[in-house]
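Visitor: Kindly generate the corresponding structure for this input.
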Amino acid sequence: MKPIIIAVVGGKKSGKTTTIETLIKHLAKKGYKIGAVKHIPEPNFTIDQKGKDTWTYAQSGATMIIAVSAREIATIEKTDSREKPLTEILRKCKNCDLVFMEGFRDLVAKNRKIYKIVTVSSEEQAAEDLKIFEPILACTGPYHLKTIGKGPPYVDVLRSPQELIDLVEKFVSKRVTT
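Guide: Have a look, this model is predicted:
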């Protein structure tokens, strides 16, 4: 079975990481195998550290470096990720039941195969995001969308995390049975 993909999108400091962390923590305890894919827009960001062996291997010309420790395996793939289609990136999560993506705003905006949880921090952002993103599973974040009175359900992930967890589980169970 292919994993179910849910993107959590929104502006800076709107609660994307908190939302994903909450969902992962609770759904993993229920036995779901969960993947997380984080978009890091800073052009010079690297997970590798200068001076470490993995860094040295890359500097020497390796395009794939796999680091193995007692409790994890890290793969560092030196490539221009701007040229990788999203499907290729998500293929790395093929053994997961559910994958949460953080960011990737432009890539997922109108992709109808990827449901979104939108985190909103202002009325203006909410109005804009409701026009940009589809389909939207739910909204959360510091701005309470209920004050607009339309659109997808708003769930306060800090006050009612179980409500969002239940909503996602209900969505997952419908997708698995269809």
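Visitor: drop to CA atoms for contacts and neighbour counts, all remaining ones
Guide: OK.
Visitor: tell me the phi and psi of the most centrally placed residue in the chain?
Guide: Relative to the mean C-alpha position of the chain, the nearest C-alpha, by C-alpha atoms, centre = their mean, is the one of Met101, at 1.5 Å. Listed backbone geometry of Met101 is phi -110, psi 140, with angles given as degrees, to the nearest 10.
Visitor: contacting residues around the residue nearest to Gly10 when sequence neighbours are not counted?
Guide: Of all residues beyond its chain neighbours, the one nearest Gly10 is Thr119 (4.8 Å), with distances taken as C-alpha to C-alpha, 6 or more residues apart in numbering. Applying C-alpha atoms under 8 Å, 6 or more residues apart in numbering to Thr119 gives the contacts Val8, Val9, Gly10, Gly11, Ser14, Gly15, Lys16, Cys139, Thr140, Gly141, Pro142.
Visitor: show me where the chain has strands.
Guide: 4-10, 34-38, 64-68, 73-77, 98-102, 115-119, 136-140 (DSSP state E).
Visitor: What's the separation between Arg82 and Cys93?
Guide: As judged by C-alpha to C-alpha, to the nearest Å, Arg82 and Cys93 stand 19 Å apart.
Visitor: ok, the two, which is more surrounded?
Guide: Comparing Arg82 with Cys93 by neighbour count (other C-alpha atoms under 10 Å), the higher total belongs to Cys93, at 19 against 7.
Visitor: what about the closest residue to that one other than its chain neighbours, how many residues close to it?
Guide: Counting by C-alpha to C-alpha, 6+ apart, the nearest residue to Cys93 once its immediate chain neighbours are dropped is Gly35, at 6.0 Å. As a burial measure, Gly35 scores 20 neighbours (other C-alpha under 10 Å).
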